[in-house]
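Peer 1: Sharing a sequence plus its predicted fold:
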Amino acid sequence: MGAAGLAFFDGMFMTYAANLIGYVEVFRHESNELNEMLVEQQRENSTEKKEMIREKLRHIQLQHQDIIHYECNLRDKYFYVCFTHVTTSVVGITVALSLVYLEKYVPCYAILGMFMVQLLVFCVLGTILTLKNEDMITILYDINWYMLEKPEKMDLLHMLHRSQNVVELSVGGLTPMNMIMKRIYSYFMMLVNFVN
């Protein structure tokens, strides 16, 4: 029952984080449409096209704000959950590694595998969040900013600045999720050096 509960909870958490992938892909599509509109506007140079571009950029700004807000909500709602899951997984992995290394206790291999899967789920989600933030920065860089009017360039610059201050999942605000495995390895090597 415990395994089913953990699987359900992790599945829900993964669903929330996987939504971010879809949001960023929609953002990419909207940005590509803006680039196409800018190329058309340069050929035609009509006032109507300028207004449509202004509206499209406003829509992209709202999408960008929604994505940032979604990431912040995800980070805030799962702050303590990530801390608890990762802390217990790290302690479990450390104890299991110690028993395997010191006592050659065979059942700890299964326990070690369970804790590793539990930990890797959260590390993967932290990596997804980091990669999607980098994708948003790349998408904003790829917009043909030089074809925009000056106020729109400033709006784009503001979005770019906000994207560079990334939201990431962390373990209680102490360390990013994608650094956990490095820390476990360094603690294990410290234990090996201490025992030897």
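Peer 2: That came in fine, so what should we check first? Numbers count the residues shown, from 1 in each chain.

Peer 1: Now do the strand or helix carrying residue 189: which elements does it pack against?
Peer 2: Applying DSSP states H and E as the criterion places residue 189 in helix 180-195. Here helix 180-195 touches helix 79-103, helix 108-142, going by 3 or more Cβ pairs under 8 Å, 6 or more residues apart in numbering; DSSP states H and E. Bear in mind the C-beta positions are built from the backbone N, C-alpha and C, glycine included.

Peer 1: tell me the angle the first one makes with helix 108-142.
Peer 2: For helix 79-103 against helix 108-142, the angle by axes from the mean of the first three to the mean of the last three Cα atoms, to 10 degrees is 140 degrees.

Peer 1: Residue for residue, what is the longest helix the protein has?
Peer 2: The longest helix of the chain (DSSP state H) is helix 2-44.

Peer 1: Contacts only, for residue 159.
Peer 2: The contact partners of residue 159, taken as Cβ atoms under 8 Å, 6 or more residues apart in numbering, are 60, 61, 64, 140.

Peer 1: And the furthest pair within the residues you listed?
Peer 2: Largest separation among the contacts of residue 159 by Cβ to Cβ: 61 and 140, giving 10.7 Å.

Peer 1: Name the residue in these two with the higher neighbour count.
Peer 2: residue 140 (21 against 16; other Cβ atoms under 10 Å).

Peer 1: any idea how far residue 44 is from that one?
Peer 2: 25 Å (Cβ to Cβ, to the nearest Å).

Peer 1: Which neighbouring elements make contact with the helix or strand following the longest helix of the chain?
Peer 2: Counting by DSSP H and E, the next helix or strand C-terminal to helix 2-44 is helix 47-77. If contacts are counted by 3+ Cβ pairs under 8 Å, 6+ apart, helix 47-77 sits against helix 2-44, helix 108-142, helix 150-164.

Peer 1: So, low pLDDT: which residues of the protein?
Peer 2: For the chain, the stretches flagged by pLDDT under 70 are 1-10, 170, 172-181.

Peer 1: returning to what we had before: between the longest helix of the chain and helix 108-142, how big is the angle?
Peer 2: Relative orientation of helix 2-44 versus helix 108-142 (the same axes, to 10 degrees): 10 degrees.

Peer 1: for the helix holding residue 189, the distance to its chain's centre please.
Peer 2: Helix 180-195 sits 26 Å away from the centroid of its parent chain (Cα atoms, centre = their mean, to the nearest Å).

Peer 1: so that helix versus helix 108-142, what angle?
Peer 2: Angle of helix 180-195 versus helix 108-142, following the same axes, to 10 degrees, is 140 degrees.
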